[in-house]
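[1] Generate coordinates for the sequence data below:
(one chain, ligands or ions: 4)
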Amino acid sequence: MAYERKLAAAKKAAFLAARLCQTVQKSLLSSDVRSKSDRTPVTIADYGSQALVSFVLKRELPSESFSLVAEEDSVDLRKDESQEMLKRITKLVNDSLSSDGTYNFSPLSEDDVLTAIDSGKSEGGSHGQHWVLDPIDGTKGFVRGDQYAIALALLDEGNVILGVLACPNLPLPNTGQSRQHSLQNQVGCLFSARVGAGTYMEFLDGSSPTKVNVSTIENPAEASFFESFEAAHSMHDLSGSIAKKLGVTAPPVRMDSQAKYGALARGDGAIYLRFPHEGYREKIWDHAAGCIVVTEAGGVVTDAAGNPLDFSNGKHLDLEKGIIVTSKKLMPLLLNAVQEALKEQS
Ligand SMILES: Nc1ncnc2c1ncn2[C@@H]1O[C@H](COP(=O)(O)O)[C@@H](O)[C@H]1OP(=O)(O)O
Ligand SMILES: [Mg+2]
Ligand SMILES: [Mg+2]
Ligand SMILES: [Mg+2]
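    Ligands and ions are numbered 1, 2, ... in the order given. You can find the predicted model right below:
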């Protein structure tokens, strides 16, 4: 069936990358974290995850032309002072591939790892197919020991046609399946979605995928809403005033990364509000996988003017003000509240 093989490849890549990230997060050293030129953090796990996903996609889909738009590049890793870090990354990638056991491969050299990272240099756009990868979304959360996600999606002619979100620290939902497996205290979920085929969630430790849907609540006052953990990433005061207009009484659920899209897709909360500060330009890898995971679960993702997100313009998303996410039922009310609050702010 259309895209099924590609979705299976994407899931395998995200599972392996999630395992690599879990290993690193358990014993993260300060020398494993660097600051990029835009002053955001990057770690050995961001680089390792990107190299691993690129390797797995190429191995699983060998006969296809390959285009990947990904967050990281190898420029800093090629510097003299990064050679120890590059060795650690190469070992991580080789260890992940051999522990999986399904690939017959000769260990990757440091050059192979740099090349794999740099295969993510495509610019995307409105023609052909492009994989879109955030190897660790929410690096600040990852470093803090909190939420993060491995986010992988596929664009076809500028539209997101499949997406996978691995969320290694997202708690399992309190449902029959997790109770039955005595898994209530365990964490780690993977969401996957294919256009027209719904959104499924499985546990990273193994379970069969179950279909998920967004919240069915009809009264916005009963909603709880997600926003960034980091106040530098989204204006908390603005989302507070929108929530107030909707009569929301529950405190905001602050969480790093696209794990928010996954949690909303399974109905944990009903609204996600994201209003970056003036001057910040959103990137496609920060929303492509989350967007299809939510829309295939019955939700809607738009900018603050109600326009759908446009993934066809290269690496950046050009947006009106911010991103809002909720169910089809609540979107008209949310959009009104957002526009009122924005008017009052200006
Ligand atoms: N100044 C910023 N404003 C908004 N988002 C940012 C900013 N700096 C980095 N990000 C990106 O926002 C996303 C996380 O936002 P949040 O966790 O608040 O939802 C990440 O993709 C992060 O990149 P990264 O992938 O490097 O972690
Ligand atoms: Mg980053
Ligand atoms: Mg990101
Ligand atoms: Mg990232």
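
[2] only C-alpha atoms for contact and neighbour calcs from this point on.
    Will do.

[3] How about the secondary structure of the spatially most central residue of the chain?
    Nearest residue to the geometric centre of the chain (C-alpha atoms, centre = their mean): Ala151, 3.5 Å. At Ala151 the chain is in strand, as set by DSSP: H, G, I helix; E, B strand; the rest coil.

[4] what's the burial count for the residue nearest to Arg194 when sequence neighbours are not counted?
    Nearest non-adjacent residue to Arg194, counting by C-alpha to C-alpha, 6 or more residues apart in numbering: Leu162, 4.3 Å away. As a burial measure, Leu162 scores 29 neighbours (other C-alpha atoms under 10 Å).

[5] Report the beta-bridge partner residues of the residue nearest to the centre of the chain.
    When assigned by DSSP bridges, Ala151 has beta-bridge partners Asp134, Leu165.

[6] For it, give me its contacts.
    14, 133-137, 163-166, 258, 285-286, 288-290 (C-alpha atoms under 8 Å, 6 or more residues apart in numbering).

[7] now whichever residue of the stretch 201-346 of the chain sits closest to ligand 4: how far from Asn219?
    Closest contact between the stretch 201-346 of the chain and ligand 4, by C-alpha to the ion, is at Asp286 (7.6 Å). To Asn219, Asp286 is 29 Å away according to C-alpha to C-alpha, to the nearest Å.

[8] Between these two, which is the more surrounded one?
    Neighbour totals were compared for Asp286 and Asn219, and Asp286 leads with 23 against 13 (other C-alpha under 10 Å).

[9] interface residues of this protein facing ligand 4?
    By the rule C-alpha under 5 Å from the ion, the part of the chain lying against ligand 4 is 134, 136-137.

[10] nearest to ligand 1, of those residues?
    Within the residues of the chain next to ligand 4, the smallest distance to ligand 1 is 3.6 Å, found for Asp137 (C-alpha to the nearest ligand atom).

[11] could you pull out the helices for the stretch 151-300 of the chain?
    Ranges of helices in the stretch 151-300 of the chain, per DSSP state H, counting those that start in this stretch, are 176-180, 236-246, 259-265, 288-295.

[12] Low-confidence stretches in the stretch 201-346 of the chain?
    Scanning the stretch 201-346 of the chain for pLDDT under 70 picks out nothing.

[13] Around ligand 1, which positions in the stretch 201-346 of the chain sit nearby?
    228-230, 232-233, 256-257, 276, 280, 286 (C-alpha under 6 Å from any ligand atom).

[14] Mind doing that once more with 5 Å?
    228, 233, 256-257, 286 (C-alpha under 5 Å from any ligand atom).

[15] most neighbours, which of these?
    When neighbours are counted by other C-alpha under 10 Å, Ser257 leads those with 29 neighbours.

[16] do you know how far that one is from Thr102?
    Per C-alpha to C-alpha, Ser257 is found 30 Å from Thr102.

[17] got the helices of the stretch 151-300 of the chain as JSON lines, with mean neighbour count and distance to Ser122 columns?
    As requested, the helices of the stretch 151-300 of the chain are arranged in JSON lines below (neighbours: other C-alpha atoms under 10 Å; distance: least, C-alpha to C-alpha, whole Å):
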{"stretch": "helix 176-180", "mean neighbour count": "12", "distance to Ser122": "40"}
{"stretch": "helix 236-246", "mean neighbour count": "19", "distance to Ser122": "34"}
{"stretch": "helix 259-265", "mean neighbour count": "29", "distance to Ser122": "25"}
{"stretch": "helix 288-295", "mean neighbour count": "30", "distance to Ser122": "15"}
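
[18] and those as CSV, adding distance to Asp80?
    As requested, these are exported to CSV (distance: least, C-alpha to C-alpha, whole Å):
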stretch, distance to Asp80
helix 176-180, 48
helix 236-246, 41
helix 259-265, 35
helix 288-295, 35
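
[19] Quick one: closest of these to Arg144.
    Evaluated over the helices of the stretch 151-300 of the chain, closeness to Arg144 peaks at helix 259-265, with 15.1 Å, by C-alpha to C-alpha.

[20] With just CA atoms, put the closest one into PDB.
    Backbone C-alpha positions of helix 259-265 (Å, rounded to 0.1, in the frame of the first residue of the first chain) are rendered in PDB as follows:
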ATOM      1  CA  ALA A 259       5.900  15.600  22.500                       C
ATOM      2  CA  LYS A 260       3.200  18.200  23.000                       C
ATOM      3  CA  TYR A 261       1.700  17.200  19.600                       C
ATOM      4  CA  GLY A 262       1.800  13.500  20.500                       C
ATOM      5  CA  ALA A 263       0.200  14.100  23.900                       C
ATOM      6  CA  LEU A 264      -2.600  16.200  22.300                       C
ATOM      7  CA  ALA A 265      -3.100  13.600  19.500                       C
END
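
[21] Give me the residues contacting that helix.
    Residues from elsewhere that reach helix 259-265 (C-alpha under 8 Å, 6+ apart): 147-149, 165, 167, 170, 191, 199, 212-215, 226-227, 269-272, 290-291, 293-294, 297-299, 326.

[22] near ligand 3 at all, that helix?
    No. Judged by C-alpha under 5 Å from the ion, helix 259-265 and ligand 3 are separated, with a smallest distance of 10.9 Å.
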